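Student: Here is the input, now give the coordinates:
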Amino acid sequence: MAFLQPDIRIAATITFAAMIPSFFIDRTMAYICLLGVTDVVFAIVGKRVIEPDVFSWELKTLIIFSLAGLLTGHMINKSRFERYVYEDSAKKLADSRADYNAELQKEVAAKTERIVALHDQLVIGMAAMVESRDNPTGGHINRTSAEAIQADSTALQLSDKFSENIIKAAPMHDLGKIAVDDAILRKPGRFTSEEFSVMKTHAAEGARIVHYILKDSDDGDFRRIAENMAHYHHERVDGSGYPDGLKGDEIPLEARIMAIADVYDALVSKRVYKDRYSFEKANQIILEGMGTQFDPGLRESYETARPKLEAFYAEASAGN
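Tutor: Numbers count the residues shown, from 1 in each chain. Below is the predicted model:
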């Protein structure tokens with residue numbers, strides 16, 4: 001049988017040779033052209049060089065084997081090419097999606113940052129509006145914000161997030177004064193008991209306003225801290241403060257910090273009913289209030305922050 005003759009090796013070699021391009025070429029047309037050239041070369045060389053008594057197959061038989069190699073190689077190449085195209089397209093799609101998601105996240109983050117900045121400016125604007133009605137405390141917002149920075153982050157070693165929240169919330173602590181009548185708010189002397197009762201309502205009213213402003217905020221910690229600072233910054237650790245008469249640790253830490261900042265600013269700043277107190281006098285009053293008005297646990301942090309506070313107020317006073 002011709003199939004069992006030695007020339008089967010020649011035919012198999014030609015068939016394998018026809019498959020070789022499929023392992024190196026991904027472009028279909030170039031592959032087909034190379035296969036055609038390979039078949040022709042092997043057919044001519046095999047028919048003319050190999051001895052007729054060994055190479056007994058006819059040219060058509062050789063071509064059949066070559067075509068079989070061509071078909072097999074084409075199928076292999078097609079599979080590889082389709083897999084290549086699919087993998088390449090999938091990679092490009094994944095890269096494109098990743099780039100789009102990254103760009104979208106950057107855009108969302110930028111817009112969120114702008115919204116937060118606008119929100120913060122609106123809050124500061126409201127606080128400034130209240131302050132403009134309360135002339136004796138002009139500049140109080142900025143000063144107590146700076147003081148809060150010194151009081152919490154320097155010595156208390158609180159988390160960065162907590163310190164940031166206190167600093168952001170400090171300007172909002174007196175928003176409740178917007179509900180106090182001008183005749184009381186701008187009175188150039190001491191309040192009567194009735195007037196003081198009205199003035200004391202600004203703490204609870206401030207907490208209500210802050211809650212309304214921040215009710216849709218995603219930052220629950222900031223909302224809580226801002227409300228507490230507005231609500232409880234006039235509480236005293238001995239329980240004699242207002243509006244709820246809280247004592248000791250019942251008063252939130254942020255409000256205890258704000259209490260020191262608020263009073264210190266009032267002491268070293270000029271009012272219509274008093275001149276500025278010296279730093280020594282203000283320091284004496286603050287220290288005497290530790291344990292009654294102020295949290296004695298904050299004494300060390302206050303004393304650590306004192307040099308920076310005095311430098312800040314000295315610079316602010318020189319600027320005025």
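
Student: and Asp244, what pLDDT?
Tutor: The per-residue pLDDT reported for Asp244 equals 96.

Student: can you list the weak-confidence ranges in this protein?
Tutor: Residues of the chain that meet the criterion pLDDT under 70 lie in 1-86, 88, 131-155, 272-273, 319-320.

Student: where along it do the helices fall?
Tutor: In the chain, the helices defined using DSSP state H lie at 8-19, 28-49, 59-133, 140-149, 160-169, 182-185, 193-214, 220-232, 253-268, 279-289, 299-319.

Student: domain ranges for the chain?
Tutor: 2-101, 134-319 (automatic domain parsing).

Student: show me what contacts Lys247?
Tutor: With contact taken as Cβ atoms under 8 Å, 6 or more residues apart in numbering, Lys247 is in contact with 235-239. Any C-beta I mention is one placed from the backbone N, CA and C, and that applies to glycine too.

Student: rerun at 6 Å
Tutor: Contact partners of Lys247, counting by Cβ atoms under 6 Å, 6 or more residues apart in numbering, are 237, 239.

Student: Let me see the backbone angles for it.
Tutor: Listed backbone geometry of Lys247 is phi -140, psi 150, with angles given as degrees, to the nearest 10.

Student: do you know how far it is from Glu288?
Tutor: Using Cβ to Cβ, to the nearest Å, Lys247 is found at 18 Å from Glu288.

Student: and if you look at Ala266?
Tutor: 15 Å.

Student: do the same with Gln157
Tutor: 26 Å.

Student: can you check Ile124 too?
Tutor: As judged by Cβ to Cβ, Ile124 and Glu288 stand 33 Å apart.

Student: quick one: buried residues of stretch 91-100?
Tutor: By neighbour count on 16 or more other Cβ atoms under 10 Å, the buried set for stretch 91-100 is empty.

Student: wait, stretch 207-223
Tutor: Of all the residues in stretch 207-223, those buried under the rule 16+ other Cβ under 10 Å are 207-210, 213-214, 222-223.

Student: Over to stretch 185-192?
Tutor: Buried-residue list, stretch 185-192, by 16+ other Cβ under 10 Å: 185, 187.

Student: Quote the end-to-end distance of it.
Tutor: Taking Cα to Cα, to the nearest Å, stretch 185-192 runs 12 Å from one end to the other.

Student: how much space is there between the residue nearest to Asp219 when sequence neighbours are not counted and Leu118?
Tutor: Of all residues not flanking Asp219 in the chain, Asn165 sits nearest, at 7.9 Å (Cβ to Cβ, 6 or more residues apart in numbering). To Leu118, Asn165 is 18 Å away according to Cβ to Cβ.

Student: out of these two, which sits in the busier spot?
Tutor: The residue with more neighbours, out of Asn165 and Leu118 and counting by other Cβ atoms under 10 Å, is Asn165; that gives 22 against 10.

Student: wouldn't the more buried one be in contact with Arg223 here?
Tutor: No. With contact defined as Cβ atoms under 6 Å, Asn165 does not count as touching Arg223 (9.3 Å).

Student: still on that earlier bit, and Ile124 and Glu288? which has more neighbours close in?
Tutor: More neighbours surround Ile124 than the other of Ile124 and Glu288, with 16 against 11 (other Cβ under 10 Å).

Student: which residue packs closest to the more buried one, ignoring adjacent ones?
Tutor: Distances taken as Cβ to Cβ, 6+ apart put Pro171 closest to Ile124, at 5.5 Å, once the chain neighbours are dropped.

Student: what's the burial count for that neighbour?
Tutor: Counted by other Cβ under 10 Å, the residues lying close to Pro171 total 25.

Student: That one against Met126, yeah?
Tutor: No. Using Cβ under 6 Å, Pro171 is not in contact with Met126, being 9.0 Å away.

Student: So what's the residue count around the spatially closest residue to Tyr242 that is not a sequence neighbour?
Tutor: Of all residues not flanking Tyr242 in the chain, Lys200 sits nearest, at 4.7 Å (Cβ to Cβ, 6+ apart). Using other Cβ under 10 Å, Lys200 has 17 other residues around it.

Student: for Asp275, same thing?
Tutor: Asp275 has 8 nearby residues by other Cβ under 10 Å.

Student: same thing with Ala305?
Tutor: Ala305, neighbours per other Cβ under 10 Å, totals 25.
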